[in-house]
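Participant: Structure for the following, please:
(4 chains)
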Number of protein chains: 4
Amino acid sequence: MRRIVLVEAPDAVGLVYKTTGVFFDLALNIVSTNEFVEPKEKRFFMRAEVVGEADNETLVSLLKQRLPEDAVVRVETRRAKQIVIMATKESHCLGDLLIRHYEGELNAEIRAVIANHEVLRPLVEKFEIPFHCVPHEGVSREAHEEAIREKVDAFQPEYIVLAKYMRVLSPQFVAHYPHRLVNIHHSFLPAFIGANPYRQAWQRGVKVIGATSHFVTDDLDAGPIIAQQVIPVTHTYRTRDMAMVGRDVEKITLATALKLVFDDRVMVYGNRTIIFD
Amino acid sequence: MRRIVLVEAPDAVGLVYKTTGVFFDLALNIVSTNEFVEPKEKRFFMRAEVVGEADNETLVSLLKQRLPEDAVVRVETRRAKQIVIMATKESHCLGDLLIRHYEGELNAEIRAVIANHEVLRPLVEKFEIPFHCVPHEGVSREAHEEAIREKVDAFQPEYIVLAKYMRVLSPQFVAHYPHRLVNIHHSFLPAFIGANPYRQAWQRGVKVIGATSHFVTDDLDAGPIIAQQVIPVTHTYRTRDMAMVGRDVEKITLATALKLVFDDRVMVYGNRTIIFD
Amino acid sequence: MRRIVLVEAPDAVGLVYKTTGVFFDLALNIVSTNEFVEPKEKRFFMRAEVVGEADNETLVSLLKQRLPEDAVVRVETRRAKQIVIMATKESHCLGDLLIRHYEGELNAEIRAVIANHEVLRPLVEKFEIPFHCVPHEGVSREAHEEAIREKVDAFQPEYIVLAKYMRVLSPQFVAHYPHRLVNIHHSFLPAFIGANPYRQAWQRGVKVIGATSHFVTDDLDAGPIIAQQVIPVTHTYRTRDMAMVGRDVEKITLATALKLVFDDRVMVYGNRTIIFD
Amino acid sequence: MRRIVLVEAPDAVGLVYKTTGVFFDLALNIVSTNEFVEPKEKRFFMRAEVVGEADNETLVSLLKQRLPEDAVVRVETRRAKQIVIMATKESHCLGDLLIRHYEGELNAEIRAVIANHEVLRPLVEKFEIPFHCVPHEGVSREAHEEAIREKVDAFQPEYIVLAKYMRVLSPQFVAHYPHRLVNIHHSFLPAFIGANPYRQAWQRGVKVIGATSHFVTDDLDAGPIIAQQVIPVTHTYRTRDMAMVGRDVEKITLATALKLVFDDRVMVYGNRTIIFD
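Facilitator: Have a look, this model is predicted:
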């Protein structure tokens, strides 16, 4: 049996030793281990992938027993995460995720797609995945988000993927899913925050555009970054040409970030991510 | 004889035809030609590299005669540009340019290096290039810039390269050298404008850092971009690690931009560049 | 009306002038033009995008009349190319093309998918595109290729895309579709020609892997290259990990190449491509 | 005091535990640790960076005592490596290393440059580094290599950097410096092995070129790869244009590889490298 062990604690001498001591005592073989000490605030992060027969309860209780009291311990058995995707009208990121899911390459089970428009329904239903439209017209933002939350929660997802969901979410909504909302932003953050990043990029005359996948926090486009990628552009690219090549960067960047998150390789510390790949 | 012909004009039917007609009549063979029409304001840009014996005066006068009155025509004979480099204390960009110059790879003649500190003198003088220190301590900004301008102008450079010159230049200074000041900024503009971009990048937790080479205009870090490049970073990079890998990106980006500028491949339109490579 | 004009000829003074003279006389406005002279054998290539009302016949006949006899002239009206896709069992490239087609982003109409296995049928039929299985078991290579050719030709495609079609095609088959067969090879050619490139890459211990899209010629994996892209790997990647990240590079590289081909931006000269982008 | 501990052994349960147990007992704080188990032959590799006062002898002897007998243990105190550079006539890689050395960025002390031509002497002597020319004309390969070995060994370098040394070295010479000879090859190996890789690249019509830095072994261009980088090219690049942009990739790739080697981040296993960065 293969498990991921994640440990976070104030740094101290012996944390790796104590953690691997538990593995040793339970005859768990280490497949890989990574450790990082944040240098400013001396905080210790560790991810270990172990193989062996010990039962989970013993593993967790031994770790808690031997590590300092203020250590945070998480043990994940490697399996597909349960997710819900939120979208609006654009299909490139959603379509890419549907194909990866179909191929068994996503390490996640898409329980439903929830959108504020009907336009993506035929695409989603081709893949026999439930599609729910929660229109925002004629309702208050609170009521709309309440309706979405109800739909989302019905599927009990571990993560919610915003695959080009084009409405700003309120802090109330976001607070409900801490470190569980993954977004794709169509610029190389922090450049071009907000609306129309490709138009902003055209106006600035940049020679490279990009995409950023990040956890969503209260502060628009300012959450912890998981993955960023870029692609060169030239003076011949109009806004719509940037948008077209940008779509490829967006879908690959989102997929890259999700793979890291679903494999339990991402730990969040303040507004930054630690990525053990 | 090899020449670069640059034409800029309001777009109209027949501009390529008329320009190449002049080449045909003067038996100039086209080695390469590029043309671009800016789609918003319908402005035409062309760069042609031609080979042949016709004298320059005839070429220019025929082009002016046949092209519309509002066309701007420039003919450059391919030769090393005359430049002055400005720097402060850091040597990575300057050192890279000195080596390229030594190798004959810069397509420019470095007439002098002017700095506001003495620290780079030994490096520059190794290569038998004049070094002038114009210290800024104890003098007003106006007086300092005046002193620099005097030094710079004594060498009559076509371009001034800011190879990590770390002081902000006044609009008065900048206005003196329109489209002739090339700077390297240590971030992927417009992200992290201003001071300490690597610290800003660390705080934001980005996964990619970059460098931008641009012409200097009144507006700090907002001039027309010539070249941008990026490099991935991880959570293990502290500010000083980002600065270290950033130095490689900076020097390559600056050298890339200078090669384009010195080969007459860059035309400026508003705040954007058209690059014929 | 928007048209692409492609000209190829032995180099001579005046080719651009004569070609743009025809555009001028027919009041065709040039949107963009690119020209290249192959330096070894002095061969001239040109691509122009023009807008205007002149009829096609007049355009072609004027070009032929004024250009040298040995010039090759092709005029394309910009429209979706008709294509057939060939595949085997892997779905990542095919799925990506189906999604792009669904989004209207492919600049081509997929008339059918032809495979030598049944496994991809459900995916293709989700998108209401004809799927034909031509199994190779129990038949000679000649008979199998004959059967495929019959199926392909029934759809009269302009291009045939090999989206991970895993059988080697005979020179006889290839000769039937000169410069019309586009393949994706899962390595950075010419490294790792032939079978199992990712295993070869693992054995060699490379730090970067890639994908190559090329026209198919007689000589296996040696046809004119259209696009190549790469992605870094580390010592932790086993062959199957390389294959997984390789799939992303493959699908993006194939899509990039097809966009260039379908937009008439690729001209072939000997074993090399000239790409006007 | 900061130290690097490198451990290599047949994989077994408890290796991390035992190693970090030694650190714990000696009150050595772990700054970073990486571990890798080669999956085919189950071989364990570990690199740890530790800080603390324990003396080196005790550390090594405790590690040897507690780890299995067949474990290989190496402890490096972080300091500049002693190196000799070998070159021929080209200055771009050498010049880049001299500038980095001058800036204190190389993590190595260049004890001498040894070349088979005189042409680089002025450049090297600018930086007050000993330059020795060992001409190969008129002497047998054996005699030439013997003369070089004598020069090299006089400086007792830990590593020898081949910064565009353009002669093939005999297996006898190579055997003298196992895993201590670092070369830069001007292609993306294994593509374009041997002479004139840029001409080969031009002939094949590739769209990307690259450079490879590797340890030298008996088998020409087949040693363990440390770093590879690439850069896109187009149909307009002639062989000499590829060589020009290639020089930038070469110098950055070599510098990247050397940084990894000099920081003790590279372990060699068979023909592959494990890189703990």
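Participant: Let me see the contact set for the closest residue to chain D within the stretch 151-277 of chain A.
Facilitator: Nearest residue of the stretch 151-277 of chain A to chain D: A:Pro232, at 8.6 Å (CB to the nearest CB). (Glycine included, C-beta is placed from N, CA and C.) For A:Pro232, the contacting residues are A:207-208, by CB atoms under 8 Å, 6 or more residues apart in numbering or on different chains.
Participant: In a strand, A:Arg74, correct?
Facilitator: Yes - counting by DSSP: H, G, I helix; E, B strand; the rest coil, A:Arg74 is found in a strand.
Participant: Quickly find the element holding the residue nearest to it when sequence neighbours are not counted.
Facilitator: If you skip the residues right next to it in sequence, A:Arg74 has A:Leu6 as its closest partner in space, 4.3 Å away by CB to CB, 6 or more residues apart in numbering or on different chains. Under the criterion DSSP states H and E, the helix or strand holding A:Leu6 is strand A:2-10.
Participant: what mean pLDDT would you report for that strand?
Facilitator: Here strand A:2-10 scores 95 as its mean pLDDT.
Participant: In its sheet, which strands sit next to that strand, and in what direction?
Facilitator: Strand pairing for strand A:2-10, using DSSP bridges, gives strand A:43-51 (antiparallel), strand A:72-77 (antiparallel).
Participant: Other residues contacting the first one?
Facilitator: The reference is to strand A:43-51. A:1-12, A:15-16, A:19-20, A:23, A:28-38, A:264-265, A:267, A:269, A:274, A:276.
Participant: now the residue of the stretch 101-250 of chain A found nearest chain B, nearest residue through space, not along the chain?
Facilitator: As assessed by CB to the nearest CB, chain B sits closest to A:Gly205 within the stretch 101-250 of chain A, at 3.5 Å. Taking CB to CB, 6+ apart, and ignoring the residues beside it in sequence, A:Gly205 has B:Arg272 as its nearest neighbour in space, at 3.5 Å.
Participant: before we move on, the earlier item: so which of the strands paired with strand A:2-10 is the most packed in?
Facilitator: Compared across the strands paired with strand A:2-10, strand A:43-51 shows the largest average neighbour count, a mean of 21 (mean count of other CB atoms under 10 Å in any protein chain shown).
Participant: how far does that strand sit from the chain's center?
Facilitator: Here the centre of strand A:43-51 is set off from its chain's centre by 19 Å, with CA atoms, centre = their mean, to the nearest Å.
Participant: Same check on stretch A:149-165?
Facilitator: In this view, stretch A:149-165 has its centroid 12 Å away from the chain centroid, taken as CA atoms, centre = their mean.
Participant: That one near chain C at all?
Facilitator: No - using CB under 8 Å from any CB of the partner chain, we find that stretch A:149-165 stays clear of chain C, coming within 12.1 Å at best.
Participant: List the buried residues of that stretch.
Facilitator: The neighbour-count criterion (16 or more other CB atoms under 10 Å in any protein chain shown) identifies A:151-152, A:155, A:157-165 as the buried residues of stretch A:149-165.
Participant: now, the most widely separated pair of these?
Facilitator: A:Glu158 and A:Lys164 (20.7 Å; CB to CB).
Participant: in chain A, which ranges drop under the pLDDT threshold?
Facilitator: Low-confidence segments of chain A, defined by pLDDT under 70, are located at A:78.
Participant: Show me which residues of chain A are close to chain B?
Facilitator: On the criterion CB under 8 Å from any CB, chain B has as its neighbours in chain A the residues A:36, A:39, A:188-192, A:203-208, A:210, A:224-230, A:234-236, A:238, A:271-275.
Participant: Give me the PyMOL select line for those, limited to the buried ones.
Facilitator: Buried subset of the residues of chain A next to chain B, written as a PyMOL selection, criterion 16+ other CB under 10 Å:
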select buried, chain A and resi 36+188+189+190+191+192+204+205+206+207+208+210+224+225+226+227+228+229+230+235+271+272+273+274+275
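Participant: among the residues of chain A next to chain B, which are in helices?
Facilitator: When the residues of chain A next to chain B are checked against helices using DSSP state H, the ones located there are A:203-204.
Participant: Mind jotting down where the strands sit in chain A?
Facilitator: Using DSSP state E, the strands of chain A run over A:2-10, A:29-38, A:43-51, A:72-77, A:81-87, A:108-115, A:131-133, A:159-162, A:181-185, A:208-215, A:225-232, A:266-269, A:272-275.
Participant: Buried residues of the shortest one, list them for me.
Facilitator: For strand A:131-133, a neighbour-count test (16+ other CB under 10 Å) marks A:131-132 as buried.
Participant: hang on, the earlier thing: now list the buried members of the contacts of strand A:43-51.
Facilitator: With neighbours counted using 16+ other CB under 10 Å, these contain these buried positions: A:3-9, A:11, A:15-16, A:19-20, A:23, A:28-31, A:33-38, A:264-265, A:267, A:269, A:274, A:276.
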